[in-house]
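Enquirer: Pasting the sequence and the predicted model now:
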Amino acid sequence: MGLSTEPIRPDSEDTRRLLDRTGVNPDAVGELLARHRPSLRAFVELHLDPAIRARIDASDVVQEAQAELARRLPDFLARRPMPFHLWARKTAYERLLNTRRDQRAARRDVAREEAVPDRSSLLLARSILAPGPTLSETLVARETAERVARAVEGLADGDREILLMRHAEDLPYEEIACLLDIDTAAARKRYGRALIRLQQLLAAHGILGGE
């Protein structure tokens, strides 16, 4: 699959330039946030729990995350603990997890929606199953879209998250470790265990192996 094995990616030259300008030009903060808004929106859309998607809009999560970024930017600039693009994504991910917890606490009786395949579930399954040269044709022929979605959505949240980060987003393990607040070795192990569990679910649904 050509998954990335590179270390944490540096910020672009434009982002570094805007960071340097934020101390002397307040407009640079707005430009910096606007530059990263599309990537944050895509990240949140991918990781937004299907069970709460009908009640929470990704743009609201992004807006909250960017407000937090603006508030904490002076501290970030004083420390520069990581590239800004990763810090922004980590902040958005934390907001996303908080939103998920709040929604589930408020509506504990709401389960994941079934029947309609979730886009991120299908994207994840297809990215993992892609090595087979004719597998995509087989999936269509067997009309397994709904079964794929149900299998993937049967994963625990942690398994689903790390598989999305690694496969759907092609993030290096170092960045995944930062987002999940674990070390790189733990990220690799967690990914391996999640992949095994997904393969077991796919097999149980008759998507891998014979029926």
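Expert: Perfect, I can see it now.

Enquirer: hey, let's count contacts and neighbours off CA atoms from now on
Expert: OK.

Enquirer: Helices along this protein, start to end?
Expert: 13-21, 27-47, 58-79, 84-106, 119-129, 135-141, 145-153, 157-163, 173-180, 184-204 (DSSP state H).

Enquirer: Now the third one: buried residues?
Expert: Of the residues in helix 58-79, those scored as buried under the neighbour-count criterion (16 or more other CA atoms under 10 Å) are Ala58, Ser59, Val61, Val62, Gln63, Ala65, Gln66, Leu69, Leu73, Phe76.

Enquirer: and if you look at the first one?
Expert: By neighbour count, with 16+ other CA under 10 Å as the criterion, the buried positions of helix 13-21 are Thr15, Leu18, Leu19.

Enquirer: so Ala187 makes contact with Ala177?
Expert: Yes: when contacts are counted by CA atoms under 8 Å, Ala187 is listed as touching Ala177 (5.5 Å).

Enquirer: Between those two, which is the more surrounded one?
Expert: Ala187 (22 against 18; other CA atoms under 10 Å).

Enquirer: about what we covered before: can you tell me which of the helices of the chain is nearest to Pro7?
Expert: Across these, Pro7 has its closest neighbour in helix 173-180 (5.9 Å, CA to CA).

Enquirer: Starting from Leu18, give me the distance back to the residue located most distally from the centre of the chain.
Expert: Most distant residue from the mean C-alpha position of the chain: Val24, 33.6 Å away (CA atoms, centre = their mean). Val24 sits 10 Å away from Leu18, going by CA to CA, to the nearest Å.

Enquirer: cool, and Leu180?
Expert: In this view, Leu180 and Leu18 are 27 Å apart by CA to CA.

Enquirer: What residue spans form the domains of the protein?
Expert: Domain ranges of the chain: 13-106, 119-204, per automatic domain parsing.

Enquirer: what mean pLDDT does the shortest one have?
Expert: If I follow you right, that is domain 119-204. Domain 119-204 carries an average pLDDT of 79.

Enquirer: tell me how far that domain is from the chain's mean position?
Expert: Distance of domain 119-204 from the chain centroid (CA atoms, centre = their mean, to the nearest Å) equals 11 Å.

Enquirer: Give me the distance between the two termini of it.
Expert: Counting by CA to CA, you get 21 Å between the two ends of domain 119-204.

Enquirer: got the buried residues for stretch 183-191?
Expert: By 16+ other CA under 10 Å, the buried positions in stretch 183-191 come out as Thr184, Ala187, Arg188, Arg190, Tyr191.

Enquirer: and if you look at stretch 33-47?
Expert: Going by neighbour count (16+ other CA under 10 Å), the buried part of stretch 33-47 is Leu33, His36, Arg37, Leu40, Arg41, Phe43, Val44, Glu45, Leu46, His47.

Enquirer: just stretch 84-99 next, same as before
Expert: Neighbour counts over stretch 84-99 (16+ other CA under 10 Å) mark 84-96, 99 as buried.

Enquirer: Rounded mean pLDDT for stretch 83-97, please.
Expert: 95.

Enquirer: which other residues reach it?
Expert: Stretch 83-97 has contacts (CA atoms under 8 Å, 6 or more residues apart in numbering) with 9-11, 15, 36, 40, 43-44, 47-48, 61-62, 64-66, 68-69, 175, 178-179.
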